[in-house]
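Student: Turn this into a structure:
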Amino acid sequence: MKKTVLSFTLAASVLALSACSGNASDDEAIVTSKDGNITKSEFYQEMKDSVGEQALQMMVIEKVLDSKYDVSDKDVQAEYDDVKKQLGDNFDQYLAQQGQTADGFKKAIKLNKLQEAALTDGIKVSDDELNKYLEQKNTELKASHILVADEEKAKEVKKKADAGEDFAKLAKEYSTEEGADESGGELGWFGEGKMVPEFWDAAVEMEKGTISEPVQSEYGFHIIKLEDKRKADDKEPSKADKEKAKQELKLAKADTSTIVDKVSKLMKDADVKVKDKDLKSAMDMFNQSKPEAKEDGADEPADTEGEEK
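Tutor: I've put the predicted structure just below:
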C-alpha cells in the first residue's frame, strides 16, 4: 500500500486509544490481575506518553478529511483484499510485523485514501490523457536491449546499431546484463510493471522496429530495440478501471509537498483545538503559517552612511 507523506502505521494504537473513550469510567479497571489492576485512566496515560502525539494527529486528520472527502468501506475493503491477495500466506506475518490488527490496517488504508483525496483535490485529467494511459496499461511489448555502464559507451553502441550492425551481436559483445551473451539481449513479451519505470516509459512510446536513444536507469544505460507491440486484453475497461486509472494519473501529477498546507487549511476551517495540554504540540506542524511575501522595499534596513554592515 502506497502511503502519502502524512500516513502513520499507528492505526492499532489509535484503536486502543479510541477504546479508552468508551463507557467505562476513568477509575474502572479494564484489566484485572492478582498483582494489580489497570484502569482506563492509567492505560490512557501510558498510550499518551508512548504514541500520543502521532496517534492524535492520525485521529484528527481522519476526522477532518472524512468530513470533506468520501472514502467508502467498499473502497477500503477492496484495497485490503488486494494486499491480502498479493501477500498470500504471508499476510498475517505482514500485519504482525507492522504491529497491526486487520481493523487497524483498514483504518490505515482509509487514512491513506483520504489523504490521497486531499492531495489530488483540484487536479484535472483530460479524456485524452486517460485514454492514452489506459491504452498503455493494456499494452504488451516485445523488445531487446543492450545494457552498458556509462553514457559514452551507450552512444557508441547506439551509433553502431543505427548503422545497421546486428543488434543481437552487439548485445553479446557489449551488454553487461547477465546472460546477454546467450540471449542476444532478447527480453520477450512484457507488460507494465515488469521493467524499471524508465525503461517502460521509453519503450511504450516507441514505434515497432525502432531503436531508442540511451535510457538511464538504476542499472546503467539501455539501448532498446522494440520488436513488436500488442494489446494485452481485448476487454473494454470498466467504469471502476477508469476511475482507478484516473486517480493514479492524478497522484502522478500531484505535488506531495502541498499535503501539509492542504491539511493545515482544513484544520483551520474545522477550528481544531487540543484540550489536553500534554498533547497540544501534536498539531504544531499544521499551525505554522507561511510568512507573507514582502512588497518591494518594505521593511528593508536603511543603508545609513557610516553604519557598520
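Student: Flag the shaky bits of this protein, pLDDT-wise.
Tutor: Within the chain, the stretches with pLDDT under 70 are 1-25, 288-309.
Student: which residue ranges form the strands in it?
Tutor: 29-31, 38-39, 139-148, 186-190, 215-217, 220-231 (DSSP state E).
Student: Could you give the separation of the last one from the chain centroid?
Tutor: This means strand 220-231. Remark: strand 220-231 is offset 27 Å from the chain centroid, using CA atoms, centre = their mean, to the nearest Å.
Student: For the residue nearest to residue 174 when sequence neighbours are not counted, list the residues it contacts.
Tutor: Distance criterion CB to CB, 6 or more residues apart in numbering; nearest residue to residue 174, sequence neighbours excluded, is residue 157 at 5.2 Å. Glycine gets a C-beta too; all of them are placed from N, C-alpha and C. By CB atoms under 8 Å, 6 or more residues apart in numbering, the residues touching residue 157 are 146, 148, 170, 174, 223.
Student: what's the answer for residue 148, then?
Tutor: By CB under 8 Å, 6+ apart, residue 148 lies in contact with 154, 157, 174-176, 220-221, 223.
Student: buried stuff in stretch 223-241?
Tutor: By neighbour count on 16 or more other CB atoms under 10 Å, the buried set for stretch 223-241 is 223-227, 229, 237.
Student: I misspoke; the intended subject was stretch 75-86.
Tutor: By neighbour count on 16+ other CB under 10 Å, the buried set for stretch 75-86 is 76, 79-80, 84.
Student: swap in stretch 145-158?
Tutor: Neighbour-count burial for stretch 145-158, counted by 16+ other CB under 10 Å, picks out 145-148, 153-154, 157-158.
Student: got it, and stretch 206-226?
Tutor: 206, 211-212, 214-215, 220-226.
Student: right, and residue 195 touches residue 201 too?
Tutor: No. Contact criterion CB atoms under 8 Å: residue 195 and residue 201 do not qualify, at 9.4 Å.
Student: Can I get stretch 276-289 as CSV, trimmed to CA atoms?
Tutor: Extracted in CSV, the C-alpha atoms of stretch 276-289 (Å, rounded to 0.1, in the frame of the first residue of the first chain):
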residue,chain,number,x,y,z
ASP,A,276,-5.2,18.1,26.7
LYS,A,277,-2.2,20.4,27.5
ASP,A,278,0.3,17.5,27.2
LEU,A,279,-0.8,16.9,23.6
LYS,A,280,-1.0,20.5,22.3
SER,A,281,2.2,20.2,20.3
ALA,A,282,0.7,17.4,18.3
MET,A,283,-0.9,19.8,15.9
ASP,A,284,2.1,22.2,15.6
MET,A,285,3.0,21.1,12.1
PHE,A,286,-0.4,22.3,10.9
ASN,A,287,-0.3,25.6,12.7
GLN,A,288,2.8,27.1,11.1
SER,A,289,1.6,29.9,8.9
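Student: What are the buried residues along that stretch?
Tutor: 282-283, 286.
Student: Can you check which helix is longest in this structure?
Tutor: Scanning the chain for the helix with the most residues, using DSSP state H, yields helix 40-66.
Student: Show me what that one is packed up against.
Tutor: Contact here means 3 or more CB pairs under 8 Å, 6 or more residues apart in numbering; DSSP states H and E; on that basis helix 40-66 packs against helix 11-19, strand 29-31, helix 102-120, helix 259-270.
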